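In: this is a predicted model, with the sequence first.
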Amino acid sequence: MKSLLEKSDQILKKRQKIIFSTIIITLGFILVTQPVNILFKRYYLVVVLGGLSYILILVSLWKGMTKTKAVLLLILPTFYIVAFPGFYFLFKYVRWLTRLPAALFFGVSLYWLILSQNILNVAADRAIPLYRAASTANFVYTIFSFILIVSIVFSLNLDFYFNGLSVALISFPLSLQSLWSIKMDKMDSQIVIYSFVISLILGESAVALSFWPQSSLVTALYVNSIYYIFLGILSEYLRDRLKKRVIIEYGQIGFGLMVIIFFLTNFFK
């Protein structure tokens, strides 16, 4: 297996493999979003797409990859690939008119996501100028992926305890990857504890918001505002840049989003 991957590095350059993988995964998105009446079959196909995409991205970023990075670095791309088509199924009308623009957005955004993960992969071994941009992109994609997945969870109309458990289980690996990618050292107990605390807070928030009669997307946006605050503050803390001003800024943005969402949803009721 290792020799085959090394030969692929010789045949194709890394950028070419990333482009090839992006095209294949985008075609997979088009295939799995074909109209299917059975909900279980839809999400089953999405999970299969996520598994195949993990292998493709791993092959694309193989050079410089370690066991730790192979697990943690690819959490976000895999979650994003599963979340996007899963969220797309929430729309009532699944047609070519909507599928093609969605596929185009998915393909372009996935390409930039894989590129950012490649930069993080390389930056783990040596400092490069694009690391800060890649780290910011990683944070943005984490927040965006979380919104999509939590929207799916609340759209399933599960009991409140299942909502809380699902959100906690989803947020833990996403938080783990996001916090670890800041320094990309060996995984330590501090990162695991911080990720667990975030997932616990979000799980409890999901339980409380399960009793709030709003759409799944609105509820997901509320949970995501909480996620943005805690993940942002902990990220700045791990970068040794946490100050009172930073905490206030994250709090203001997160609380401001909650207020805007609250008034907009009540205005358009």
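Out: Nice, thanks for sending it over.

In: any stretches of this protein with poor pLDDT?
Out: 1-12, 35-42, 92-96, 124-128, 262-269 (pLDDT under 70).

In: and the strands in it, which stretches?
Out: Remark: strands of the chain are absent; assignment by DSSP state E.

In: geometric centre of it: which residue is closest?
Out: When C-alpha atoms, centre = their mean is applied to the chain, the residue found nearest the centroid is S145 (3.4 Å).

In: next, the contact list for that one, please.
Out: L76, F79, Y80, A83, L174 (C-beta atoms under 8 Å, 6 or more residues apart in numbering). Every residue, glycine included, has its C-beta placed from N, CA and C.

In: apply 6 Å and report the result again.
Out: Applying C-beta atoms under 6 Å, 6 or more residues apart in numbering to S145 gives the contacts F79, Y80, A83.

In: would you turn these into JSON lines with neighbour count and distance to S151?
Out: As requested, those are exported to JSON lines (neighbours: other C-beta atoms under 10 Å; distance: C-beta to C-beta, whole Å):
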{"residue": "F79", "neighbour count": "21", "distance to S151": "13"}
{"residue": "Y80", "neighbour count": "24", "distance to S151": "14"}
{"residue": "A83", "neighbour count": "22", "distance to S151": "9"}
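
In: in helices only, show me these.
Out: F79, Y80, A83 (DSSP state H).

In: what residues are up against the first one?
Out: In other words, F79. Taking C-beta under 6 Å, 6+ apart as the test, what F79 contacts is S145.

In: kindly report the same for the second one.
Out: Contact partners of Y80, counting by C-beta under 6 Å, 6+ apart, are S145.

In: re earlier: could you single out the nearest of the ones in helices among the contacts of S145 to M187?
Out: Closest to M187 out of the ones in helices among the contacts of S145 is F79 (18.0 Å), distances taken as C-beta to C-beta.

In: and the gap between that closest one and D185?
Out: The gap separating F79 from D185 is 22 Å, by C-beta to C-beta, to the nearest Å.

In: does V46 really touch A83, like I thought?
Out: No: contact criterion C-beta atoms under 6 Å: V46 and A83 do not qualify, at 8.8 Å.

In: CA atoms only: put stretch 53-66 into PDB for me.
Out: Output in PDB follows, covering the C-alpha atoms of stretch 53-66 (Å, rounded to 0.1, in the frame of the first residue of the first chain):
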ATOM      1  CA  SER A  53     -13.600  10.700   0.000                       C
ATOM      2  CA  TYR A  54     -11.400  10.100   3.000                       C
ATOM      3  CA  ILE A  55      -9.300   7.600   1.000                       C
ATOM      4  CA  LEU A  56      -9.000   9.900  -2.000                       C
ATOM      5  CA  ILE A  57      -7.900  12.900   0.200                       C
ATOM      6  CA  LEU A  58      -5.500  10.700   2.200                       C
ATOM      7  CA  VAL A  59      -3.900   9.600  -1.100                       C
ATOM      8  CA  SER A  60      -3.800  13.200  -2.300                       C
ATOM      9  CA  LEU A  61      -2.000  14.500   0.800                       C
ATOM     10  CA  TRP A  62       0.100  11.400   1.500                       C
ATOM     11  CA  LYS A  63       3.400  13.100   1.200                       C
ATOM     12  CA  GLY A  64       4.400  14.200   4.700                       C
ATOM     13  CA  MET A  65       1.400  12.500   6.300                       C
ATOM     14  CA  THR A  66       1.800  10.800   9.700                       C
END
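
In: show which residues not belonging to that stretch make contact with it.
Out: Where contact means C-beta under 6 Å, 6+ apart, the residues beyond stretch 53-66 that reach it are 5, 9, 17-18, 21, 25, 74, 77-78, 81, 114, 118, 121-122.

In: then stretch 203-217?
Out: For stretch 203-217, using C-beta under 6 Å, 6+ apart, the contacting residues are 151, 154-155, 160, 163-164, 167-168, 219, 222-223, 226, 265.
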